[in-house]
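Asker: Here is a sequence with its predicted model. Questions after.
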Amino acid sequence: MQAPSVGGVMLPRGNGQAVRLSRGASLTDFAEKINANPASLVAVMMNLGEMVTATQSVSDETLRLLAEEMNYVLEIVSPEEEDRELLESFDIEFGEDEGGEEALVSRPPVVTVMGHVDHGKTRLLDAIRKTNVVAGEAGGITQHIGAYQVTTDVNDEERKITFIDTPGHEAFTAMRARGAKSTDIAILVVAANDGVMPQTIEALNHAKAAEVPIVVAVNKIDVEGADPTKVRGQLTEFGLVAEEYGGDTMFVDISAKQGLNIEALLEAVVLTADASLDLRANPDQDAQGIAIESHLDRGRGAVSTVLVQRGTLRIGDTMVVGDAYGRVRAMLDDNGQNVQEAGPSTPVLVLGLTNVPGAGDNFLVVDEDRTARQIAEKRAARERNANFARKGVRFSLENLDEALKAGLVQELNLIIKGDASGSVEALESSLLQLDVGEEVDIRVLHRGVGAVTESDINLATGSDAIVIGFNVRAAGRAEQMAEREGVDVRYYSVIYQAIEEIEAALKGMLKPEYEEVELGTAEIREIFRSSKLGNIAGVLVRSGEVKRNTKARLLRDGKVIAENLNISGLRRFKDDVTEIREGFEGGINLGNFNDIKIDDVIATYEMREKPRG
């Protein structure tokens, strides 16, 4: 086989040699590895029908195409491996305790509380804090820092436990997906009156995937209809067998509301840690660990809650957290008290970083500010390149036909969210039965009950999936995130419409359609009764603007309660108005519809014709 020649210049042929490149590498990076001219690689790509500049970040697929043409074997370096290599170049070993066995001392277990919504996770965390919080905190205010440490007596010995207060198993898994082993033990909260629910199973699967021991807290034992034995029986089906049934999982019956058996639960955590895990770390080395959550504080700048996993973090240390760095100006514990140092398994709020790191980013202490800056800048550049390479590979139902014809996609990945498990299962089974020929497979990556969340958009981003919301909408920042990442989110209220659209897309027959454009959302703060007009909603407009005579839907806890409503009246004080903008209050009349409650959200929209390219 002849070596490729461009403009008379013979290019090196690889003979099956391996070339290692990071995600989002450019043709210039490739050229450097094989001692070629970047311009000649641009020409090779043109011959292959791809217009790529020499310095542009390109996708893994494009690099593989080029490598095949040049007879090289491409190895894409994983982000974790790349980070390890980066740190090794600075003579830093991350994730290892220095010194031998004699340098290790025992550390407290780190615990995450998981479970179904409304089963009492937050109430349990509050109850645990209450039994341990020192009376008379600064002004009676507890500084919430996303993690805290409590003490309990086990066999007359004082033992500490660290709790990570994550917003559910999605955050837990997002951190795990980034290689962050943050948790030693998971507490699975199950309500004794409800039993095992869809999110209980989801949380259980997340904990099992992380390979962490599980302690089950059977909550609400004081509620009518509570049946802790039923919970034990249900969880046996999922491989969690209670100790009293001959298994090795500790079950503790509690009431978070009344503070019953909280100490017994903490004891169960300590005993499980002692039986299943060897929790030790070296407190005398430079600190390493992970960021649990971070935000921008108006007065204090970028602040991050970090969990020290090994070593001791001290004020004045220079640290790198993901692509952020800085010198530790101050550290606060969960009571808002200043602390001078934090050892293994201790969570602290750190001040002094240059920017806001992500959840699950690892942190490490280095000797010099210059080293910290270089590591942070290289991480930021790597992430930027990977994002550039990823841009533009998403597809929607409209361009699915072109993607199929171009061979860019052989399967349609879907994420289905709905208002009830029955409708989600019905929609899933109907879609999987679609007969669309052999060219394409339909895969449901995830299905669940509830609003479309940022976690769903994350999953869609990583797998080029289309999100289907059945009688539910995107919650919180998920909508902006979907727009930013180019994820196609479709909303339906009729199963057949969803099936028809996806079948039409797969067969390349989508017709021009009307697109729903959200105008604004308003939160109901008060309800006024009028004998003439019925119920009038006193609202605060949260986003966009609300206009008279536009369509609206009513959302309660992220679920669609009513569709196709009409904004028939708008008032500001005593005046009738045509619109109310973001940040202003007013009154909304939804015509004959009166089933409204405080905290409901009125989302207004209009239908615009959407031309298809």
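Answerer: Now that the structure is in, tell me what you want to look at.

Asker: In three-state terms, label the residue nearest to the spatial centre of the chain for me.
Answerer: By Cα atoms, centre = their mean, the chain has its centre lying nearest to Ser455, at 4.0 Å. Under the three-state scheme (DSSP: H, G, I helix; E, B strand; the rest coil), Ser455 adopts helix.

Asker: Which strands or helices does the lengthiest helix in the chain pack on?
Answerer: Longest helix in the chain, counting residues (DSSP state H): helix 369-390. Helix 369-390 sits against strand 17-22, helix 79-89, strand 318-321, strand 324-332, with contacts defined as 3 or more Cβ pairs under 8 Å, 6 or more residues apart in numbering; DSSP states H and E. (Glycine included, C-beta is placed from N, CA and C.)

Asker: what angle do that helix and strand 324-332 make?
Answerer: 120 degrees (axes from the mean of the first three to the mean of the last three Cα atoms, to 10 degrees).

Asker: May I have helix 369-390 as PDB, with CA atoms only?
Answerer: Backbone C-alpha positions of helix 369-390 (Å, rounded to 0.1, in the frame of the first residue of the first chain) are rendered in PDB as follows:
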ATOM      1  CA  ASP A 369       1.400  29.300  43.400                       C
ATOM      2  CA  ARG A 370       3.000  29.000  40.000                       C
ATOM      3  CA  THR A 371       2.600  25.200  40.000                       C
ATOM      4  CA  ALA A 372      -1.100  25.600  41.000                       C
ATOM      5  CA  ARG A 373      -1.700  28.100  38.200                       C
ATOM      6  CA  GLN A 374       0.000  25.900  35.600                       C
ATOM      7  CA  ILE A 375      -2.000  22.800  36.600                       C
ATOM      8  CA  ALA A 376      -5.300  24.800  36.600                       C
ATOM      9  CA  GLU A 377      -4.600  26.400  33.200                       C
ATOM     10  CA  LYS A 378      -3.800  23.100  31.600                       C
ATOM     11  CA  ARG A 379      -6.900  21.500  33.000                       C
ATOM     12  CA  ALA A 380      -9.100  24.400  31.800                       C
ATOM     13  CA  ALA A 381      -7.500  24.300  28.200                       C
ATOM     14  CA  ARG A 382      -8.100  20.500  28.100                       C
ATOM     15  CA  GLU A 383     -11.700  20.900  29.100                       C
ATOM     16  CA  ARG A 384     -12.200  23.700  26.600                       C
ATOM     17  CA  ASN A 385     -10.800  21.600  23.700                       C
ATOM     18  CA  ALA A 386     -13.000  18.700  24.600                       C
ATOM     19  CA  ASN A 387     -16.000  21.000  24.600                       C
ATOM     20  CA  PHE A 388     -15.100  22.500  21.200                       C
ATOM     21  CA  ALA A 389     -14.700  19.000  19.700                       C
ATOM     22  CA  ARG A 390     -18.100  18.000  21.100                       C
END
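
Asker: Please find the angle between the direction vectors of it and strand 17-22.
Answerer: Calculated by the same axes, to 10 degrees, helix 369-390 forms an angle of 110 degrees with strand 17-22.

Asker: if we can go back for a sec, how far away is the residue nearest to the centre of the chain from Glu263?
Answerer: In this view, Ser455 and Glu263 are 33 Å apart by Cβ to Cβ, to the nearest Å.

Asker: before we move on, the earlier item: quick one: distance of the longest helix of the chain to the chain centre.
Answerer: Helix 369-390 sits 21 Å away from the centroid of its parent chain (Cα atoms, centre = their mean, to the nearest Å).

Asker: list the buried ones in stretch 201-217?
Answerer: Buried residues in stretch 201-217, counted by 16 or more other Cβ atoms under 10 Å: Glu202, Ala203, Leu204, His206, Ala207, Ala210, Val212, Pro213, Ile214, Val215, Val216, Ala217.

Asker: Closest to Glu237 out of the residues you listed?
Answerer: Taking Cβ to Cβ as the measure, Glu237 lies nearest Leu204 of the buried residues of stretch 201-217, at 10.7 Å.

Asker: That closest one - that's part of a helix, no?
Answerer: Yes - assigned with three-state DSSP, Leu204 falls within a helix.

Asker: Tell me if I'm right that it and Phe238 touch.
Answerer: Yes - between Leu204 and Phe238 there is a contact under Cβ atoms under 8 Å: 5.7 Å.

Asker: What ranges in the stretch 251-400 of the chain fall below the confidence cut-off?
Answerer: Within the stretch 251-400 of the chain, the stretches with pLDDT under 70 are 359, 386-400.

Asker: residue ranges for the helices of it, please.
Answerer: Counting by DSSP state H, counting those that start in this stretch, the segments of the stretch 251-400 of the chain that form helices are 262-276, 369-390, 400-405.

Asker: Lys532 is nearest to which of those helices?
Answerer: Of all the helices of the stretch 251-400 of the chain, helix 400-405 comes closest under Cβ to Cβ, at 50.8 Å.

Asker: Can you name the secondary structure element that comes next after that closest one?
Answerer: Counting by DSSP states H and E, the next helix or strand C-terminal to helix 400-405 is strand 411-418.

Asker: what does the longest helix of the chain rub up against?
Answerer: Contact partners of helix 369-390, identified using Cβ atoms under 8 Å, 6 or more residues apart in numbering, comprise 22-26, 56-60, 79, 82-83, 86-87, 90, 318-320, 322-327, 354, 366.

Asker: How is the nearest residue to Ile201 once chain neighbours are set aside assigned, secondary-structure-wise?
Answerer: What sits nearest to Ile201 in space, not counting adjacent residues and going by Cβ to Cβ, 6 or more residues apart in numbering, is Phe238, at 6.7 Å. Following three-state DSSP, Phe238 is assigned to coil.

Asker: and Phe238, what is it in contact with?
Answerer: So Phe238 contacts Val196, Ile201, Leu204 (Cβ under 8 Å, 6+ apart).

Asker: Got phi/psi on it?
Answerer: Geometry field for Phe238 lists phi and psi as phi -100, psi 20, criterion degrees, to the nearest 10.

Asker: And it, how far from Gly336?
Answerer: The value you get for Phe238 to Gly336, if Cβ to Cβ is used, is 40 Å.

Asker: just Asn592 next, same as before
Answerer: For Asn592, the distance to Gly336 - Cβ to Cβ - is 51 Å.

Asker: Which one's more surrounded, those two?
Answerer: Between Asn592 and Gly336, counting by other Cβ atoms under 10 Å, Gly336 is the more crowded of the two (15 against 10).

Asker: doesn't Glu368 make contact with Phe90?
Answerer: No - with contacts counted by Cβ under 8 Å, Phe90 stays clear of Glu368, the gap being 9.9 Å.

Asker: Looking at those two now, which is surrounded by more residues?
Answerer: Neighbours around Phe90 and Glu368, counted as other Cβ under 10 Å, are more numerous at Phe90. The numbers are 16 against 10.

Asker: which residue sits closest to the more buried one in space, ignoring its chain neighbours?
Answerer: Leaving aside its sequence neighbours, Phe90 sits nearest to Thr371 (Cβ to Cβ, 6+ apart; 5.8 Å).

Asker: and if you look at Leu434?
Answerer: Glu503 (5.3 Å).

Asker: ok but that neighbour is inside a helix, no?
Answerer: Yes - under three-state DSSP, Glu503 sits within a helix.

Asker: Need the winner for burial among the helices and strands packed on helix 369-390.
Answerer: Here the criterion is mean neighbour count by mean count of other Cβ atoms under 10 Å, and of those the winner is strand 318-321, at a mean of 25.

Asker: can you count the residues close to the residue nearest to Glu454 when sequence neighbours are not counted?
Answerer: Of all residues not flanking Glu454 in the chain, Ala478 sits nearest, at 4.9 Å (Cβ to Cβ, 6+ apart). Ala478 is flanked by 23 other residues according to other Cβ under 10 Å.

Asker: One more: Gly476?
Answerer: Per other Cβ under 10 Å, the neighbour tally for Gly476 reads 12.

Asker: Perfect, that will be all.
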